[in-house]
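Participant: predicted model follows, preceded by the sequence.
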Amino acid sequence: MADRADALATPAQKKRFTSLSATSLKTTILAGESIKQVLSRAPGNNESIGGIKVISTDRWFAARPSGTEDLYKI
């Protein structure tokens, strides 16, 4: 089951999300599990996903700004 949380974000914060990369993340653990992969580009076409997707053994989350509202989505 996937849940989504929205949080308020200023235009400056939204802009920072678009510049995130795998090297931006400074932790190696997600919910007690080792992080296996951090994506900022789509595997199929190498296009930017506009944020990051963090993947551990059994869990993942993605964080990116909304394109239409002053929010970011997790």
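Facilitator: Looks like it arrived, so ask away. Residues are numbered from 1 along each chain as shown.
Participant: can you show me the helices along this structure?
Facilitator: For the chain, the helices defined by DSSP state H cover 11-18.
Participant: where does the chain have low pLDDT?
Facilitator: 1-2 (pLDDT under 70).
Participant: strands along that one, start to end?
Facilitator: Under the criterion DSSP state E, the chain contains strands at 6-8, 29-30, 33-41, 48-56, 60-65, 71-73.
Participant: out of these, which is closest to Thr18?
Facilitator: Of all those, it is strand 48-56 that lies closest to Thr18, at 5.4 Å by C-beta to C-beta. Glycine gets a C-beta too; all of them are placed from N, C-alpha and C.
Participant: now do the closest one against strand 60-65, angle only.
Facilitator: 150 degrees (axes from the mean of the first three to the mean of the last three C-alpha atoms, to 10 degrees).
Participant: residues of stretch 22-33 that come out buried?
Facilitator: Neighbour-count burial for stretch 22-33, counted by 16 or more other C-beta atoms under 10 Å, picks out Leu30.
Participant: okay, now that stretch: how far is its last residue from its first?
Facilitator: Start-to-end span of stretch 22-33 (C-alpha to C-alpha, to the nearest Å) is 17 Å.
Participant: what do you get for stretch 42-53?
Facilitator: 10 Å.
Participant: buried set for it?
Facilitator: Ile49, Gly50, Gly51, Ile52, Lys53.
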